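> Coordinates for the following, if possible.
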Amino acid sequence: MSLAPQLEAVARIASSEERTAQYTRLLEQALHDTPSASLPSLVRTYVDGAVLDPVNTTGAGLLVGRHMLAHLATQLAAAHIPANILCTIVSDTLATCEASSIMWDDELGPWRVLLAEQYASLSRWRDAAQALQSITPHAARRIPQLSFAQLCVRVVELWLHDLPSHVAEAEQAIKRANSAILDERDNKALVHELWYYQARVLAIQHRFIEAAARYMDLPHADMDAAVYAIISPPSAQRTSMLTRLAQQASAWPFAQTLHHAAEGRFLRPGDLDALAPFLGGVPVQPDVFVEHNICVALSFFSSVPLPQLTRLVGLDAHEHGVQACEAAVARLLSQGILPTDTCWIDQVTQAVHIGTPDAETDREARISASLQALDAAHARLSA
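Numbering: from 1, shown residues only. This next block holds a predicted model:
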């Protein structure tokens, strides 16, 4: 006998307890006897006949329908069903139950978790993340052994598999998880897991100093912190990090590069090569050390022509190397990394100067003399 008539017969049983027992027996037998390819049709029939039959959606029978829906999810998860077929089954069941407007949203939470697991096993990370994101905090309470905070952290992890394509989604998921995790602040393992994912997102966004700081908040992540501190733009925070991390780096593969950065020495392409295996696939531009090298160069020279500075910092192969170097110096000045009261770019001599207020006065005098010479030349041409 096919499944549908058997379900109709069970629906006529008055006792809810006996009905539940018979539905359970039929389900286990059907899952055992049915080939995987035929399971989507079988489960659809079972949902219509056992979960959504009118006798199981009203009054005391509503408990039977909800129990069988939960039991069906458990049995499907335990069965050895190919992930692509199970995805079809779970998607169809969710669509059917959502359309019925009978099952409450919290009853469908375990189904969405099951769907996300199957998507993840198929490397459909976006679909998996979206399946979990649709679970509300209230619905998460009905999911065994999974809190809402854990669910939110899992969503972040799923988005990370698809970086950098979905970095914006990952960032939003982190904000949601940060809010949810307030209820589980004592769960250090979960908090640290979220911080680790956040550090990875910050690195992908090239917010290297923030990534380094987040890694330093984690146990056993100092090597990661050092990598991103080294490639960060110059700052007081970076200097402090590098100094601290260099004290424990003797056995690290890139220890020499770290010491060069901490000691204010030039960093070269070979240093970036030493860091490459530890960047976790984060793309880094070859000129990432330019600003660091500018600060190093200006610590040795009181005055350096821009073409020479361009060569020193490794921009000489750049098509517009001098302009790029000048822009980097200007950026460091605007950010306050280089002191604006004693450092300036002389547009007349095309040089960068580090000096005292007296030198500043000399600079103003030279600029004034140049302007006067231009005025005199203009007057002669106009005569």
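
> the strands in the protein, which residues?
With DSSP state E as the criterion, the chain has strands at 303-305, 343-346, 351-354.

> Tell me how far Val201 lies from Glu157.
In this view, Val201 and Glu157 are 11 Å apart by CB to CB, to the nearest Å. (Each C-beta comes from the backbone N, C-alpha and C, glycine too.)

> Can you say which of the strands of the chain is nearest to Ala149?
Closest of these to Ala149 is strand 343-346, at 48.6 Å (criterion: CB to CB).

> Mind exporting the C-alpha coordinates of the closest one to CSV?
Only the C-alpha atoms of strand 343-346 are listed here, as CSV (Å, rounded to 0.1, in the frame of the first residue of the first chain):
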residue,chain,number,x,y,z
CYS,A,343,58.8,68.9,8.0
TRP,A,344,57.7,70.2,4.6
ILE,A,345,57.9,69.6,0.9
ASP,A,346,59.8,72.4,-0.9
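
> buried ones in it?
By neighbour count on 16 or more other CB atoms under 10 Å, the buried set for strand 343-346 is Cys343, Trp344.

> Packing partners of it?
Applying 3 or more CB pairs under 8 Å, 6 or more residues apart in numbering; DSSP states H and E, one finds that strand 343-346 contacts helix 321-334, strand 351-354, helix 357-382.

> Kindly present the strands of the chain as TSV, with separate columns for mean pLDDT and distance to Ser382.
Shown next, in TSV, are the strands of the chain (pLDDT from 0 to 100; distance: least, CB to CB, whole Å):
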stretch	mean pLDDT	distance to Ser382
strand 303-305	93	34
strand 343-346	92	28
strand 351-354	91	32
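
> Between those strands, which one is closest to Pro269.
strand 303-305 (21.3 Å).

> List of residues touching the closest one?
The contact list for strand 303-305, computed with CB atoms under 8 Å, 6 or more residues apart in numbering, reads Ala297, Leu298, Leu312, Thr349, Gln350, Ala351, Val352, His353, Ile354, Gly355.

> and what of stretch 188-204?
In contact with stretch 188-204 (CB under 8 Å, 6+ apart) are residues 149-150, 153, 156-157, 160, 163-164, 167, 170-171, 174, 177-178, 181, 184-185, 208, 210-211, 214-215, 217-219, 221, 224, 228, 279-280, 282.

> just wondering, since we're on the closest residue in space to Tyr228 that isn't next to it in sequence, how far is it from Leu114?
Spatial nearest neighbour of Tyr228, excluding adjacent residues (CB to CB, 6 or more residues apart in numbering): Ala212 at 4.0 Å. Per CB to CB, Ala212 is found 38 Å from Leu114.

> likewise Leu194?
23 Å.

> Thr342 contacts Gly355, doesn't it?
Yes. Using CB atoms under 8 Å, Thr342 is in contact with Gly355, at 5.7 Å.

> Switch the strands of the chain over to JSON lines, and while doing so, append distance to Glu18 to every line.
Formatted as JSON lines, the strands of the chain follow (distance: least, CB to CB, whole Å):
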{"stretch": "strand 303-305", "distance to Glu18": "92"}
{"stretch": "strand 343-346", "distance to Glu18": "88"}
{"stretch": "strand 351-354", "distance to Glu18": "89"}
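
> among those, which is nearest Pro144?
Of all these, strand 343-346 sits nearest to Pro144, with 62.8 Å by CB to CB.

> Within the sheet, what are the partner strands of that closest one, with directions?
Its sheet considered, strand 343-346 pairs with strand 351-354 (antiparallel) by DSSP bridges.

> chain center to the strand it pairs with, what's the gap?
Counting by CA atoms, centre = their mean, to the nearest Å, strand 351-354 is centred 41 Å from the centre of its parent chain.

> swap in stretch 264-271?
Centroid separation for stretch 264-271 versus its chain: 29 Å, with CA atoms, centre = their mean.

> End to end on it, go ahead and measure it.
Distance across stretch 264-271, first residue to last, is 14 Å (CA to CA, to the nearest Å).

> With stretch 124-140 instead?
End-to-end distance for stretch 124-140, by CA to CA: 22 Å.

> mind listing what's buried in that stretch?
Arg124, Trp125, Asp127, Ala128, Ala129, Gln130, Ala131, Leu132, Gln133, Ile135, Ala139, Ala140.

> so what's the closest residue to Phe148 other than its chain neighbours up against?
With sequence-adjacent residues excluded and distances taken as CB to CB, 6+ apart, Phe148 is closest to Ala140, at 3.9 Å. Residues in contact with Ala140 (CB under 8 Å, 6+ apart) are Gly109, Leu146, Ser147, Phe148, Leu151.

> farthest-separated two in those?
With distances taken as CB to CB, the most widely separated pair in the contacts of Ala140 is Gly109 and Ser147, at 11.8 Å.

> Of the two, give the one with the bigger neighbour count.
Gly109 (26 against 18; other CB atoms under 10 Å).

> quick one: the residue nearest to Phe148 and Ser16, what's the gap?
Ala140 is 28 Å from Ser16, where distance means CB to CB.

> cool, and Val156?
In terms of CB to CB, Val156 sits 42 Å off from Ser16.
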